[in-house]
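>>> Provide a 3D model corresponding to the input given below.
(chains A and B)
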Amino acid sequence: MAEPPPPLPDFSQSVKLKYVKLGYQYLVNNFLVFLLVPVIVALTLELIHSNPHDLIHLWNSMQLTSLHILCSFFLIIYTLTFFLMSRPRPIYLVDYALFKPPRSFRVSFGGFMEHARIVLADEPKSVHFQMKILQRSGLGEETCIPPAMHFIPPRPTMQLAREEAELVIFSAMDSLFQKTGLKPKDVDILVLNCSLFSPTPSLTAMVINKYKMRSNIKSFNLSGMGCSAGLISVDLAKDLLHRYPNSNAVVISTEILTPNSYLGKERAMLLPNCLFRMGGAAILLSNRRADRRRAKYRLAHVVRTHKGADDRAYGCVAQEEDSEGHIGIKLNIDLMTIAGEALKSNITTIGPLVLPASEQLLFAFSLIRRKFFNSKSKPYIPDFKQAFEHFCIHAGGRAVIDELQKSLRLTNEQVEASRMTLHRFGNTSSSSLWYELSYIESKGRMKKGDRVWQIAFGSGFKCNSAVWKCNRTIKSPVDGPWADCIHKYPVYIPEVIKI
Amino acid sequence: MVSSPMSEGLIYDKKLSSVGPAYATDPDLVYEPRNLDLAMKLHFLRGIYYFERQAFEGLTILAIKEPMFDWLNKYPVTSGRFRRAESGRAYIKCNDCGVRFLEAKCDKTLEEWLEIRDASLEKLLVSNQIIGPELGFSPLIFIQLTKFKCGGTSLGLSWAHVLGDAFSAAEFLSMLGRLVAGQDLGPPFDLAQSLTKSVISHDPPKVAEDPIAVKRVEPVGDNWLTPTKFKVEPFYFDVTATHLAHLQSKVGPKFGPFEAISAIIWKCIAKIRGKEMESNVVTICKKSEEGNKVYGMLGNTQVVSVVKADFPIVDAEPSVLAKLMREEAFDMRDKIDEAMARENGVVDYVIYGANMTFVNLEDAKFYDFEYRGQKPVRVSYWVDGVGDEGAVLVLPGTNEGGGGRAVVAILPEEEIVRFEAELKRERLIA
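Predicted coordinates:
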């Protein structure tokens, strides 16, 4: 999709502006340096000019007894120790593993539409609607759905749901154990999130049973929390790792599709059928010093924003029964607006934590101006490109990615990971952020010191973000779900695909 | 087909799904059937392969389906759907829609089933669908996997003849066996990017007669069902080695089993139909010598020839008929090709059953399809969409048959009883 060429600005003007901007950023971000350096230089000059006698005289005039010195010494030691001990333990992401669906679960556009026509033979309008959604969805022809949904009509039995859960979770876990060398008995904390399938015994119990984990493991099974639950699990694991020293945590994020195949004809509820696909991720987090060197990332921040207090936001993604009794997830028409508002809230909180001082100052000025002088002027949107090298936007759908690209003023390369994950794997719900991260690594773009921003939206309405800092440069080729197809990406995704 | 009380509930626990290529085919790719392929479009091959317990033992349905995705990846055409070009000529859009797959269970054991040998019951093991009423949503192939009570399994293949002849279908299925055995099938067969055959001809339509090998039927549009006056049904019988030897002694040692069987049957049919209705033109189909240029490729390459007898068949000697079949068969493929080209591929022809048709499938490699080292214990084949004159397929005998042949006669329903009686008289069957 070619963008119209920008109007050619006055060359000299633009160069001047660019240098002014750069100068301003450099000045504000290194303000302390600019402040301290002259002071230090002045002191040093003073020291050089004065002779030793003056210095000894100064020392004697302070009348410091040994007690004073000893107390000051201990005060310094005590303050330093207190400071070091109270700092939160760094949380490392040692490695993560992703579920790669077998090729036999693949669904093509033609196959999807043909099945839809047979299942909804009496509802041509609903079938036509699904086709329009699919054509504009941004999905490719290699996404996968579980066996239960391949049947005509789909057979969402509990047995098949359990089989899907076992397949997805166990293969991600096996891969994680193999990649990290972790032994199942060494897992201290287990957090699993799966929004729509919550059997008894729980999925965490299923994992603990399969891998024979310890009896004093701390396990948590989060259900019903939507597509942003992946970062909620990470947040929970982080809090637990802050509490328990020398531990590790396994976080499993997945969405089991089998029980949620919608069999009715309501259009607002047919959308998830078209977009949701199989996926799962298993992540190993640790606070052990020994993992410091081999860890891929360090967790910098997790910011969670919940707009549930607002009725509109609360009701915009809801699971309900349609008029015929079929249960499905209804997506409201103002979803994008609410997502935008939630994002703004989240940005307001995360901005001060990650933005360089230059951007924060500009944002503060703009805020003051809007409040006191001219409330109609456009709010200044900070340039997040200065705070992060990589962006992982939840691949909820093409509209979400387009909207975020516009509002955060991101380049095509920065949203490439999200778009390509949507194309290759579809909307895998809470695990999509991890597929996107794997894409960036597989492309060889992840260097030490790079900062990554993961943003996820979910029902509630929630907007959660996590910020990671890359601990070591990750060399490609990377062993993961992209290994056999990364060379084909990025692909061009047309606005409307002809089926 | 009237479902007898016996057939109800016999096949149960049906689960319908689709299997398709493992990798995405470029959606712009198309396949244009040639004129000879389009001439066969109203016919559908139905084949059933019976396997003993060991072949599929211990395999879940997912484990059985998985290799099929790599297998179908080699033949993206089979997962496509028909469309019509502007000129009206049908072509296949390779859009990965897939092949329909049905799993089912049967109450009987394999042994019990094979003893019944009822043609109408065998129809339960394979799909009876045709292409239509909507071209774009009709699968070209249906596969049905039926598990018997003892663990034996039958694989029913329903195959649109427009894709290829029975020799191609046999080869296609053998590829699955080879893949399961661990062989790499290689890259998918090449496809075309654009339509080259579907050109609207601006020349004035040439009026010419249809070749005698074909019968033009009323336009069927997008519902590829052969219109017939009578209801044709298949009738099976096995010709054991001893009967075959006896037959060949009647006909003469020079002629092979196919010619011997065909000659006798031609006579029997002539007797049943009487002098006015007797068919003194027959069509003979057999494997072509050159075969397909590319190994494993699909297509209708079988030889279609006609034989004309200038004398009444009823009184003729079988050896004379056999000699006629062998030496005076005119290859009609070029004429059919021309006729179809004249009509831009839009006309609807019937070949099997336009005249009494004898199809020599002796060389078809049905028993080459091995699943995990197991050969099928029996293979049944017949054709749907046969015209009123009927057709006879001569298949290879079962492995234990030791030189016998399996024969399927597809005839108007009323003729079958008399036909059976005639066969007994000729001592073709016991």
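>>> and whatever residue of the stretch 301-450 of chain A ends up closest to chain B, what element?
Minimum separation of the stretch 301-450 of chain A from chain B (C-beta to the nearest C-beta) falls at A:Arg424, amounting to 10.3 Å. C-betas here are computed from N, CA, C, even on glycine. Using DSSP states H and E, A:Arg424 maps to helix A:416-425.
>>> mind giving me the packing neighbours of that helix?
Helix A:416-425 sits against strand A:390-393, helix A:398-408, helix A:432-442, with contacts defined as 3 or more C-beta pairs under 8 Å, 6 or more residues apart in numbering or on different chains; DSSP states H and E.
>>> run a quick neighbour tally on the residue of the stretch 301-450 of chain A closest to chain B.
By the criterion of other C-beta atoms under 10 Å in any protein chain shown, A:Arg424 has 24 neighbours.
>>> give the buried residues for the helix ranked longest in chain B.
Criterion DSSP state H: the longest helix present in chain B is helix B:257-277. Within helix B:257-277, the residues scored as buried using 16 or more other C-beta atoms under 10 Å in any protein chain shown are B:257-273.
>>> got it, and stretch B:209-222?
Buried residues in stretch B:209-222, defined by neighbour count with 16+ other C-beta under 10 Å: B:210-211, B:213-215, B:217.
>>> again, but for stretch B:95-106
For stretch B:95-106, burial by neighbour count (16+ other C-beta under 10 Å) applies to B:95-104, B:106.
>>> and chain B, which residues reach chain A?
B:15-20, B:22-24, B:27, B:62, B:65-66, B:68-70, B:81, B:95-98, B:137 (C-beta under 8 Å from any C-beta of the partner chain).
>>> tell me the buried residues within those residues.
Counted by 16+ other C-beta under 10 Å, the residues of chain B next to chain A give B:16-20, B:22-24, B:27, B:65-66, B:68-70, B:81, B:95-98, B:137 as buried.
>>> next, B:Thr393: secondary structure please.
Check again: residue B:393 is Leu, not Thr. strand (DSSP: H, G, I helix; E, B strand; the rest coil).
>>> now the one 10 residues further on
Three states are possible here, and by three-state DSSP the one that applies to B:Gly403 is coil.
>>> show the contacting residues for it.
With contacts defined as C-beta atoms under 8 Å, 6 or more residues apart in numbering or on different chains, the neighbours of B:Gly403 are B:241, B:244, B:397.
>>> in helices, which of the residues of chain B next to chain A appear?
Among these, the residues falling in helices (DSSP H) are B:62, B:65-66, B:68-70.
>>> from chain B, how far out is A:Gly140?
7 Å (C-beta to the nearest C-beta, to the nearest Å).
>>> name the element residue 176 belongs to?
Looking at chain A here, since you left the chain open. According to DSSP H and E, A:Leu176 maps onto helix A:158-180.
>>> switch to chain B, please.
Here B:Leu176 is assigned to helix B:166-180, by DSSP H and E.
>>> CA atoms only: put that helix into PDB for me.
Output of helix B:166-180 as PDB, limited to C-alpha atoms (Å, rounded to 0.1, in the frame of the first residue of the first chain):
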ATOM      1  CA  ALA B 166      -9.000 -45.200 -13.100                       C
ATOM      2  CA  PHE B 167      -5.200 -45.700 -13.800                       C
ATOM      3  CA  SER B 168      -4.600 -42.200 -12.500                       C
ATOM      4  CA  ALA B 169      -6.900 -42.700  -9.500                       C
ATOM      5  CA  ALA B 170      -5.000 -45.900  -8.600                       C
ATOM      6  CA  GLU B 171      -1.700 -44.100  -8.900                       C
ATOM      7  CA  PHE B 172      -3.000 -41.200  -6.800                       C
ATOM      8  CA  LEU B 173      -3.900 -43.500  -4.000                       C
ATOM      9  CA  SER B 174      -0.700 -45.500  -4.200                       C
ATOM     10  CA  MET B 175       1.200 -42.200  -3.500                       C
ATOM     11  CA  LEU B 176      -0.500 -42.000  -0.100                       C
ATOM     12  CA  GLY B 177       0.700 -45.500   0.700                       C
ATOM     13  CA  ARG B 178       4.200 -44.500  -0.300                       C
ATOM     14  CA  LEU B 179       4.100 -41.400   1.700                       C
ATOM     15  CA  VAL B 180       3.000 -43.300   4.800                       C
END
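>>> mean confidence score for it?
For helix B:166-180, mean pLDDT rounds to 94.
>>> parallel or antiparallel, list what pairs with the following helix or strand past it.
Remark: after helix B:166-180, the chain's next helix or strand is strand B:215-216, criterion DSSP H and E. Looking at strand B:215-216 with DSSP bridges, its partner strands are strand B:349-350 (antiparallel).
>>> neighbouring contacts of the partner strand?
The contact list for strand B:349-350 (C-beta under 8 Å, 6+ apart) reads B:39, B:42-43, B:210, B:214-217, B:226, B:336, B:339-340, B:385-387.
>>> which element is B:Lys105 on?
For B:Lys105, the host element (DSSP H and E) is strand B:99-106.
>>> circling back: and which of the buried residues of stretch B:95-106 is nearest to A:Lys385?
Nearest to A:Lys385 among those is B:Asp96, at 39.1 Å by C-beta to C-beta.
>>> any low-confidence regions in the chain?
Picking chain A for this. Residues of chain A that meet the criterion pLDDT under 70 lie in A:1-14, A:374-375, A:377.
>>> actually, chain B is the one I wanted.
Chain B contains residues with pLDDT under 70 at B:1-8, B:198-206, B:278, B:291-296, B:399-402.
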